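Asks: Here is the input, now give the coordinates:
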Amino acid sequence: MSSNETQPPVEVLSARDVPLGGPRAMTVRRTLPQRARTLIGAWCFVDHYGPDDVAATGGMDVAPHPHIGLQTVSWLFSGEIEHRDSLGVHAFVRPGEVNLMTSGHGICHSEVSTPETTVLHGVQLWVALPDEHRHTTRDFHHHVPAPVALDGGEARVFLGTLAGDTSPVPTFTPLLGAELTLHPGAATTLAIDPTFEHGLLVDQGEVTMAATPLKPADLGYLAPGPTTLTLTNPGTIPTRLILLGGPPFEERIVMWWNFLGRSTEEIAQAREEWEQQGPRFGEVHGYDGAWLHAPELPTVPLRPRGRVH
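Replies: Take a look at the predicted model:
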């Protein structure tokens, strides 16, 4: 960054604990969406969980459930999750390997931690599909990014481009998603796209993001403008981070349960089709158990939300 370029301040978004209930019996730390900010680029949902002792928590057991209008991005630090969906995909989520599922007009899937998993730890991320693509056909991609050396650490780029590496996984808007690690006392400066807004989730350790300190479970937000981002680990243990980014997503969205649409009527229609087990979402084969019913809709219209200007 040039000496005359002003670094925008970093907004610190704190996580809130959300008990997911049901058979999963998990509590996650959610930093997006929240009242102060709904989106970072097209990223619209950030859940951070673990490390959970599966013997104590029971692990993850998410029965078949539906999605519309979004992509799910699964990334693990430890453990293993078995994925089945109505596209017919049977895959596993493992540390350092990204699974991206596109719901489009409708998909359903199940997620179950495997018997071999002792500690479950990772993030679940959602991406809002733009209006012109949100009714696309369902899809699934798997990618194993190679580690890329940074000054004092390394990156694994699972979406978009960073540090000279580009993920082959396709997206419907420009996006960045990467795991970063920094050694104790290390600092690194990354070239970033100045048209992107960025979010930095802290998994473990300490970090300063553009001179702003962040603690574990914090999400630091940086507005578009800078061409570089400096990260420093002031602590005595390695820092692990998730860096997200994308150009501001200007459309207003309605998020409710597992659906992302544009109106209450659209969400209500999707809910009805799921409850009736119609053809829109298909069927998951191989899951041992019943599918997950949708909760009741609120009695007031759902409020569209968008980015903070």
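
Asks: So, low pLDDT: which residues of this protein?
Replies: Residues of the chain that meet the criterion pLDDT under 70 lie in 1-8, 20-25, 309.

Asks: now the helices for it?
Replies: Secondary structure of the chain (DSSP state H): helices at 54-57, 264-275.

Asks: And the first one, what does it pack against?
Replies: Pointing back at helix 54-57 there. Using 3 or more CB pairs under 8 Å, 6 or more residues apart in numbering; DSSP states H and E, the elements in contact with helix 54-57 are strand 119-128. Placement of C-beta: from N, CA and C, glycine included.

Asks: Run through the bridge partners of the spatially most central residue of the chain.
Replies: Among the residues of the chain, Leu125 comes closest to the average C-alpha position under CA atoms, centre = their mean, at 1.4 Å. Here Leu125 shows beta-bridge partners Val46, Val73, assigned using DSSP bridges.

Asks: Please apply the same query to Pro213.
Replies: Pro213 has the following beta-bridge partners by DSSP bridges: Thr208.

Asks: Quick one: residues contacting it.
Replies: If a contact means CB atoms under 8 Å, 6 or more residues apart in numbering, then Pro213 has Glu206, Val207, Pro234 as its contacts.

Asks: same deal with Ser86?
Replies: For Ser86, the contacting residues are Ile107, Cys108, His109, Arg138, Phe281, Gly282, Glu283, Val284, taking CB under 8 Å, 6+ apart as the criterion.

Asks: Find the residue closest to it in space, skipping its chain neighbours.
Replies: By the measure of CB to CB, 6 or more residues apart in numbering, the closest residue to Ser86 outside its immediate chain neighbours is Gly282, 2.9 Å from it.

Asks: now the one you found: how far from Asp52?
Replies: When CB to CB, to the nearest Å is the yardstick, Gly282 and Asp52 sit 30 Å from each other.

Asks: Likewise for Glu197?
Replies: 30 Å.

Asks: likewise Gln277?
Replies: To Asp52, Gln277 is 32 Å away according to CB to CB.

Asks: For the two, indicate the residue with more neighbours.
Replies: For the pair Gln277 and Asp52, the greater number of neighbours falls to Asp52 (24 against 12), based on other CB atoms under 10 Å.

Asks: which ones are touching the more buried one?
Replies: Applying CB under 8 Å, 6+ apart to Asp52 gives the contacts Met26, Gly59, Val119, Leu120, His121.

Asks: The third one reaches Val54, doesn't it?
Replies: Yes - contact criterion CB atoms under 8 Å: Val119 and Val54 qualify, at 6.8 Å.

Asks: Now do the shared contacts for the two.
Replies: Gly79.

Asks: Between the two, tell me which one has more neighbours.
Replies: Set side by side, Val119 and Val54 show unequal neighbour counts under other CB under 10 Å, the larger going to Val54 at 19 against 16.

Asks: check contacts around the more buried one.
Replies: Counting by CB under 8 Å, 6+ apart, Val54 makes contact with Gly79, Ser113, Thr117, Thr118, Val119, Leu120.

Asks: where's it relative to His90, distance?
Replies: The separation that Val54 has from His90, given CB to CB, amounts to 21 Å.

Asks: With that, I have no additional questions.
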